[in-house]
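Colleague: pasting a predicted model and its sequence here:
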Amino acid sequence: MRSAELMVGAFYNPHLAAELVRAEGIDHLAMADPPAPHDPHWPAIKQRYTLLLHDYLGQLSEPLDERSIARARSLAELYRTPWVAEHFQCLHTEDGRYNINYVFPPLYTEEFLQRFVTNANALQARLDQPLVMENIPGFFDVKASQLPEPVWLRRFFEGTGAGFLLDLPHIWLEAHYRAVKPAAWLAEFPLERVVELHVAGVVEDNDLQGPWIAPAAPSDEMLDFMALAVSRCPRAQAVTFDAFSPSLTPEVLLSSVERIRQSL
Amino acid sequence: MSDREIQDSVIRALADAPFRASPDWRGLALADPTRLERFARFLARHFYHERLVHFFKYSRALARVTGRRPEAVLHGAGFDALLPTVVLGSRETARAVAALAVRHVRPASAPQTIPYLADLLEYEEAMMIAEAGPRVWRDDAREVIARSREQFPPEKVEGTVLLDLAYDLPAVLPKLLQPWTEVPQASPQHGRLLIARSPHGRVTVARADAAVASVVELADGRKTLPELARETGLRSDDLEATLAGLADLGAVRFATGS
């Protein structure tokens, strides 16, 4: 397999900082939030790890304003990140009145494609690092969408040259709710664009009455799915255990990274 | 409708339960109603879990004494009963959810070891309510606010709160988040805190002296600066400095259209 070429890492969870400073077998940490001003472990974390910027920068359905761009540049410089990640998401209304505070995909239409391409290109022009974009799962279809998600994503990448951050549990969940095989759904996506992969567990949710994303260890099935995906992503550079939550234990984080590494 | 307007309708349907039940939304027939309702309820629990964990973090740190975590209310009948009226991010829903948390934590306390618990819960509740409401996501709208300064009478921003406390909470709050074996204590000391939110949604807390408190109480969007100076007894430059500080915190804005 390709384990020698791939970085394997996790998210920086500040409540696990002491364990992460001492941990072995973790190549990188993704940063979902900036370090707290008085985080005593931050200097050691910064010195030791490759850090990946994975914060909320803004939704690319609209252009990022100067304040957001300055923040992205500042964080990218602080982390010395090899790439900057954002999501295919549109989670607040244009007037700011309604906000669901959770990743949610845009309509897969020509209008939204043009918005995302234009705004991603504008953002890339202001960054010193490549942009990678993460797929977001839909729990339900919106009838106004015009294109299949994989086609929309492929055209976005063609229009921007951005990299693909492939979130595998998101693919797995969509396949589950569409009642198709995960491998078949995965094959629809532009895997040749993938730079980084996210892997995590899923758990049953009472409201959804089905599985959903969770800061849990990946199952054997998910790890097999990851191995399959990696074999089809020739440009992938990193696999990240995608769990960021105060409820995450060091045992789950460390063992998940280890199992990911063994499965590659 | 543009695609962006359709997306906004979907976002609103997920955020706003009364809209979701309305003929306006149902008539659009954009999504499977059962799936949408499930996802909306999931989002509601997620949205308020994040806020309860953040704004009630001090009571959460005391849970090993009180035995009650504030976010547990999200899995109770009280929150389920709220769901048909929930509007994510609204001040009304923030008030209702925060009240559930206060009612959950308060009776289980050990008052002999946490005499300041009532103050603490009032503070946390006020913080959560202050954070709610529409926010500016892009800076171009803020320029209008900045330009309007000094042209219009100042007014207290909705959600700004002056909180009267019987204990010195600011001194004890950081200690609650550090490792402790005995419950950190706050000394009895009357004080006033100002809680305000910036247009971007950042909540700030500051000790309020008499000058700050009187300006906040009197800034009604009608009184001019000379009138405010006369009623507060502040010199003109002191008043302007106080107003500038309050405007930066988001406690006061300069009213338009009055």
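Modeller: Alright, I've got the coordinates.

Colleague: for the chain, give me the ranges with low pLDDT.
Modeller: Since you didn't name a chain, this refers to chain A. Along chain A, the parts satisfying pLDDT under 70 run over A:1-4.

Colleague: my bad, chain B
Modeller: Within chain B, the segments meeting pLDDT under 70 span B:108-112, B:140-151, B:255-258.

Colleague: near chain A, which residues of it show up?
Modeller: Selection of chain B residues close to chain A by Cβ under 8 Å from any Cβ of the partner chain yields B:2-4, B:6-8, B:10-12, B:14-16, B:29-32, B:35-36, B:38-39, B:41-43, B:45-47, B:50, B:53, B:88-89, B:134-140. All C-beta atoms are positioned from the backbone trio N, CA, C, and that covers glycine.

Colleague: and those, which of them are buried?
Modeller: Among the residues of chain B next to chain A, those scoring as buried are B:3-4, B:6-8, B:10-12, B:14-16, B:30-31, B:35-36, B:38-39, B:41-43, B:45-47, B:88-89, B:134-138 (criterion: 16 or more other Cβ atoms under 10 Å in any protein chain shown).

Colleague: show me the contacts for residue B:160.
Modeller: By Cβ atoms under 8 Å, 6 or more residues apart in numbering or on different chains, the residues touching residue B:160 are B:130, B:194-197, B:216, B:250-252.

Colleague: just those: which are in helices?
Modeller: Mapping the contacts of residue B:160 onto helices (DSSP state H) picks out B:130, B:216.

Colleague: who wins on neighbours among the contacts of residue B:160?
Modeller: Ranked by neighbour count (other Cβ atoms under 10 Å in any protein chain shown), the contacts of residue B:160 have residue B:251 at the top, with 29 neighbours.

Colleague: now that residue. Nearest residue, chain neighbours left out?
Modeller: In space, and not counting its chain neighbours, residue B:251 is closest to residue B:196: 3.6 Å by Cβ to Cβ, 6 or more residues apart in numbering or on different chains.

Colleague: related to what we said a few turns ago, which of the contacts of residue B:160 fall within strands?
Modeller: Using DSSP state E, B:194-197, B:252 are the members of the contacts of residue B:160 that sit in strands.

Colleague: closest one of the residues you listed to residue B:208?
Modeller: residue B:194 (4.1 Å; Cβ to Cβ).

Colleague: give the contact list for the closest residue to that closest one other than its chain neighbours.
Modeller: Leaving out its chain neighbours, the residue that sits closest to residue B:194 by Cβ to Cβ, 6+ apart is residue B:208, at 4.1 Å. For residue B:208, the contacting residues are B:162, B:192-194, B:216, by Cβ under 8 Å, 6+ apart.

Colleague: report the two of these separated the most.
Modeller: With distances taken as Cβ to Cβ, the most widely separated pair in the contacts of residue B:208 is B:193 and B:216, at 11.4 Å.

Colleague: tell me the phi and psi of residue B:154?
Modeller: phi -70, psi 150 (degrees, to the nearest 10).

Colleague: residue B:120 should be in a helix, yeah?
Modeller: Yes. According to DSSP: H, G, I helix; E, B strand; the rest coil, residue B:120 belongs to a helix.

Colleague: got the phi/psi numbers for the residue nearest to residue B:194?
Modeller: phi -110, psi 120.

Colleague: what does the one 5 residues further on give?
Modeller: Dihedral angles phi and psi of residue B:213 (degrees, to the nearest 10) take the values phi -60, psi -40.

Colleague: residues near it, how many?
Modeller: That count, for residue B:213 with other Cβ under 10 Å as the rule, works out to 16.

Colleague: who's in contact with it?
Modeller: Contact partners of residue B:213, counting by Cβ under 8 Å, 6+ apart, are B:162, B:192, B:194.

Colleague: next: residue B:225.
Modeller: Contacts for residue B:225 (Cβ under 8 Å, 6+ apart) come out as B:153-154, B:236, B:239-240, B:243.

Colleague: quick check on these: which are buried?
Modeller: B:153-154, B:239-240, B:243.

Colleague: farthest-apart pair in the residues you listed, please.
Modeller: Checking the buried ones among the contacts of residue B:225 with Cβ to Cβ, the most distant pair is B:153 and B:240, at 13.1 Å.

Colleague: OK, contacts around the residue most central in space within chain B?
Modeller: A centroid search over chain B (Cα atoms, centre = their mean) returns residue B:130, at 1.8 Å, as the residue closest to the centre. Counting by Cβ under 8 Å, 6+ apart, residue B:130 touches B:159-161, B:195-197, B:203.

Colleague: what's the closest of these to chain A?
Modeller: Relative to chain A, the closest of the contacts of residue B:130 is residue B:197; by Cβ to the nearest Cβ it sits at 13.4 Å.

Colleague: touching, the closest one and residue B:250? I think so.
Modeller: Yes. Contact criterion Cβ atoms under 8 Å: residue B:197 and residue B:250 qualify, at 5.0 Å.

Colleague: now do the shared contacts for those two.
Modeller: Common neighbours of residue B:197 and residue B:250 (Cβ under 8 Å, 6+ apart) are B:157, B:160, B:204.

Colleague: what about those, which are in helices?
Modeller: Per DSSP H, those never map to helices.

Colleague: save those as a markdown table, and put in distance to residue A:167 too.
Modeller: Below are the shared contacts of residue B:197 and residue B:250 laid out as a markdown table (distance: Cβ to Cβ, whole Å):
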| residue | distance to residue A:167 |
| --- | --- |
| B:157 | 39 |
| B:160 | 40 |
| B:204 | 35 |
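
Colleague: for chain B, what is the nearest residue in the stretch 151-264 of chain A?
Modeller: Shortest the stretch 151-264 of chain A-to-chain B distance, computed as Cβ to the nearest Cβ: residue-wise this is residue A:207, at 4.0 Å.

Colleague: residue A:116: which of the buried ones among the contacts of residue B:225 is nearest?
Modeller: residue B:154 (40.6 Å).

Colleague: quick one: the strands in the chain?
Modeller: Reading this off chain A. For chain A, applying DSSP E gives strands covering A:7-11, A:28-31, A:50-53, A:84-87, A:131-134, A:163-167, A:194-199, A:201-205, A:210-214, A:238-241.

Colleague: that was the other one, I meant chain B.
Modeller: B:154-156, B:161-167, B:188-197, B:203-207, B:252-254.

Colleague: I figured residue A:29 hits residue A:49, correct?
Modeller: Yes. When contacts are counted by Cβ under 8 Å, residue A:29 is listed as touching residue A:49 (4.7 Å).

Colleague: find residues that contact each of the two.
Modeller: Counting by Cβ under 8 Å, 6+ apart, the contacts common to residue A:29 and residue A:49 are A:9, A:12, A:20.

Colleague: so which of the buried ones among the contacts of residue B:225 sit within helices?
Modeller: Short answer: the buried ones among the contacts of residue B:225 in helices (DSSP H) are B:239-240, B:243.

Colleague: closest to residue A:189 among those residues?
Modeller: Minimum distance to residue A:189 across those is 54.3 Å, recorded for residue B:243 (Cβ to Cβ).

Colleague: tell me the contacts of the residue nearest to that closest one when sequence neighbours are not counted?
Modeller: The shortest distance from residue B:243 to any non-neighbouring residue, by Cβ to Cβ, 6+ apart, is to residue B:154 (5.5 Å). Going by Cβ under 8 Å, 6+ apart, residue B:154 touches B:215, B:219, B:221, B:223, B:225, B:228, B:243, B:246-247, B:252-255.

Colleague: and the stretch 101-250 of chain A, which residues reach chain B?
Modeller: Neighbours of chain B within the stretch 101-250 of chain A, by Cβ under 8 Å from any Cβ: A:101-102, A:104, A:106-107, A:109, A:111-112, A:115, A:139-144, A:205, A:207-209, A:212, A:246.

Colleague: in helices only, show me those residues.
Modeller: Using DSSP H, these in helices are A:111-112, A:115.

Colleague: compare those and tell me which has the most neighbours.
Modeller: residue A:112 (26 neighbours).
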